[in-house]
Every structure is written in C-alpha cells, then in structure tokens.
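**Q** Quick one, fold the following:
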Amino acid sequence: MDKTRSYRRYLVESAAIVISILIAFSIDASWDQWQEGREEQQILRSLHAELLSNQMRLAEQTRFHEDVRLAIRLLLTEAASPTPTLSVDSLDALIGKASWFNPGSTFEMSAYDAVVLGGSLTVIDNRSLRQRITAWSREVARVTRTEAQDYDTFSNVWMPFLRDNAYLPQIHNAITVQPGSGDENYIGDENYIPDVPLTRHATRHTELLHDRRFQNVLLHRLWVQGDILHEYEELTPNLSSLVELLASAIRD
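**A** Next up, the predicted model:
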C-alpha cells in the first residue's frame, strides 16, 4: 500500500511539474508573440507615417515641377510668336520661375532604412507586404535618379547660358513666388535672398527668345521636367496602394 501511494504521489508530482513547465513555456511563447506583435505594429506605424509624409512631399513637388514646366512652355510659346506679347517684367519673372530646380530627392527614407537596414523587416508577418516594402526603395531610387537631372541641367546647361547672355540681378529681382506654392506664399526678404541693387541699366531679355541656343536650352529643361513628372505619375498609385496596405495591417 505504501509503495502504491508513493508511486501515485510521484506520478501526481511529476504531472504537476510537467504541467507547470508547459504553462511556463506557453506563457513565454505568448509573451514573445505579444512582444513581436507590438514590435510589428510599431514598425508598421512608423513606415505608414513616413509614407504619408512622402505623399504630401510628392504632391508638393508635382505642383512645383508643373509650375516650372508651365513657365518654360510659356517662354517657348513667346519665342514662337512673331511679335512680343509679354512685358519686360513678365518675361523676367518667367525666366526666374524657369530657373528653379529641385535640390535633392523628394523622399524621406529614415524609417524605411531603420527597418530594412536594421534587420527588422522579418518582424512583419505578411509576406506580400514585406515584398512591397522592399520594392519601395527600388522605386524611389529610380525616381531619384531622374530627379538628379534637374540640378545637373540647371548647373551645367541653364546657368552657364544665363551667366553669359542674361542679366542675372534683374532676373533675380523678378522672382517673387516659389513654383508650386501659389500667390499667397510670397517669397520675401525673410524667406529668400532679398533683391539686389542693379549695377547697370535695365536689360531687355526679349532678344533671348529669338536666340536658337536659348530655345534649345529651354527645350532641354522642358524634357527634364517632363521626365520627372512622368516618374511622379508612375509612382503615385504605387505609393498610395502601399499606404493603404500598411493602414489595413495596423490594428487600432
């Protein structure tokens, strides 16, 4: 009897130990799963916020390049006109607007780099979402390469021609509004380089319009703006769909 009771007690104690271990493992697994889920949500939220910001930046840059493109088109239209239709000031303002350029990439990638380069991408459970997130950097890289043409053309083609053939202080003083900002956002002394004193008599830039070299430079700039806007147009729906995917994966 004593041996039977001892054996039963041993079985009960062993079962209790096994059950305790299983419960501990289950708690640990649940905790780890909860931690991973929490980390995944934090990652998704940071990427979602960054992409929302990039959506706004993309819309702003689209308006910017559309305004620059419009100014260039108006200059080419004026160049094709047999008689001038623009005043001296209006012509200078258009040349000034056509002189704006995008100094760098439109897109912020800090959160993306922290997730992908930091090795946290595997935390995201949805495989298709991981693939879309990974593809985002390639899409941005393609657009960024196209955007780089804007500064290259400005510095290597546009400005060398204007320095040799135009009066830059006069054009500079004609710049009052940043492209894409609208008339309400006046570029004044506090936000931009103030007007500079004209060191000699005012110059009429009408002659530039009939210079074939100027028309060629304008067309070169127009091509670049068209390339950039085409890339933006291609990227916009992809960015929107990725934002929607992230939003649907984020739990309230």
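
**Q** low-confidence ranges in this structure?
**A** Applying pLDDT under 70 to the chain flags residues 1-38, 183-193, 199-201, 252.

**Q** Now do the helices in the stretch 151-252 of the chain.
**A** Under the criterion DSSP state H, counting those that start in this stretch, helices of the stretch 151-252 of the chain are mapped to 159-165, 168-174, 206-209, 212-249.

**Q** And those: which comes nearest Glu39?
**A** Distance to Glu39, taken as C-beta to C-beta, is lowest for helix 212-249 among the helices of the stretch 151-252 of the chain, at 13.4 Å. Just so you know, the C-beta spots here come from the backbone N, C-alpha and C atoms, and that holds for glycine as well.

**Q** so the host helix or strand of Ile133 versus helix 212-249, what angle?
**A** Using DSSP states H and E, Ile133 falls within helix 127-153. Interaxial angle of helix 127-153 relative to helix 212-249 (axes from the mean of the first three to the mean of the last three C-alpha atoms, to 10 degrees): 160 degrees.

**Q** Now do Leu235: how many residues are near it, please.
**A** 19 (other C-beta atoms under 10 Å).

**Q** what's the spacing between it and Asn173?
**A** Leu235 sits at a distance of 36 Å from Asn173 (criterion: C-beta to C-beta, to the nearest Å).

**Q** check contacts around the nearest residue in space to Gln225 that is not next to it in sequence.
**A** The spatial neighbour of Gln225 that comes closest, neighbours along the chain excluded (C-beta to C-beta, 6 or more residues apart in numbering), is Arg69 at 4.0 Å. Applying C-beta atoms under 8 Å, 6 or more residues apart in numbering to Arg69 gives the contacts 222, 225-226, 229.

**Q** what about Val157, distance to Glu207?
**A** Taking C-beta to C-beta, one finds Val157 at 19 Å from Glu207.

**Q** and these two? which has more neighbours close in?
**A** Val157 (15 against 11).

**Q** That one contacts Asn216, doesn't it?
**A** No: using C-beta atoms under 8 Å, Val157 is not in contact with Asn216, being 9.1 Å away.

**Q** Okay, and Arg63 sits in which element?
**A** Secondary structure assigned from DSSP H and E places Arg63 in helix 2-80.

**Q** who touches the very next helix or strand once past that helix?
**A** Next helix or strand after helix 2-80 toward the C-terminus (DSSP H and E): helix 88-98. Applying C-beta under 8 Å, 6+ apart, the contact partners of helix 88-98 are 67-68, 71-72, 74-75, 78, 84, 86, 162, 166, 170-177, 179, 202, 204-206, 208-209, 218, 221.

**Q** ok, of those residues, which come out buried?
**A** For these, a neighbour count by 16 or more other C-beta atoms under 10 Å gives the buried set as 67-68, 71-72, 74-75, 78, 86, 162, 166, 170-175, 177, 179, 205, 208-209, 218, 221.

**Q** All set now, cheers.
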